[in-house]
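Undergrad: Sequence isn't available, so here's the structure alone:
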């Protein structure tokens, strides 16, 4: 009597390899898709965090515009354009604004995609595609270029940031953050 040995035929073996290959390809596709999504979301989270930090710093320092002691006289906002603002505050109460953090200018450098504080050597945010300032004046009107900075009562800051790298379609993901700042020490 001949014993029959169990095993796989060539067709069964090839079918198993084909099914395994299809499953591995599907798993690889899911993994790479998730990796792309994770990378994109990580970039968005990073630019959101850095943009919020820059916006918070700008808000705090613009809110102090015009701070002075009782004998000082100064206009808290010196320059006000759609992309630049210069604020003064006598933080050390010595009657002038010559201290390190008492004369602050924020501007946008489109060549480097940066918001700069006191010149191009001090960027506070990277990957910025737009920075704009709008000013609410004492009469309630809103403008981006006030004729007289002494009439400013509120500053609206809008920052648009983009991811450092494009996605698989070649597009940059963007976020836009806006806030209103009412300097506490300006003339009423």
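TA: Sure thing, it's come through. The structure presented is a predicted model; accordingly, all values stated were derived computationally and were not measured.
Undergrad: can you give me the helices in the chain?
TA: Counting by DSSP state H, one finds helices in the chain at the ranges 10-63.
Undergrad: Give me the nearest residue to the residue most central in space within it, chain neighbours excluded.
TA: Nearest residue to the geometric centre of the chain (CA atoms, centre = their mean): residue 51, 2.5 Å. Using CB to CB, 6 or more residues apart in numbering and skipping residues adjacent in sequence, the residue nearest residue 51 is residue 161, 4.4 Å away. C-betas here are computed from N, CA, C, even on glycine.
Undergrad: Does that neighbour touch residue 129 like I think?
TA: Yes - counting by CB atoms under 8 Å, residue 161 touches residue 129, with 6.7 Å between them.
Undergrad: Number of residues surrounding residue 163?
TA: By other CB atoms under 10 Å, 20 other residues sit near residue 163.
Undergrad: Now it: phi and psi?
TA: Torsion angles at residue 163 (phi, psi; degrees, to the nearest 10) stand at phi -70, psi 150.
Undergrad: how far away is it from residue 55?
TA: Residue 163 sits 17 Å away from residue 55, taking CB to CB, to the nearest Å as the criterion.
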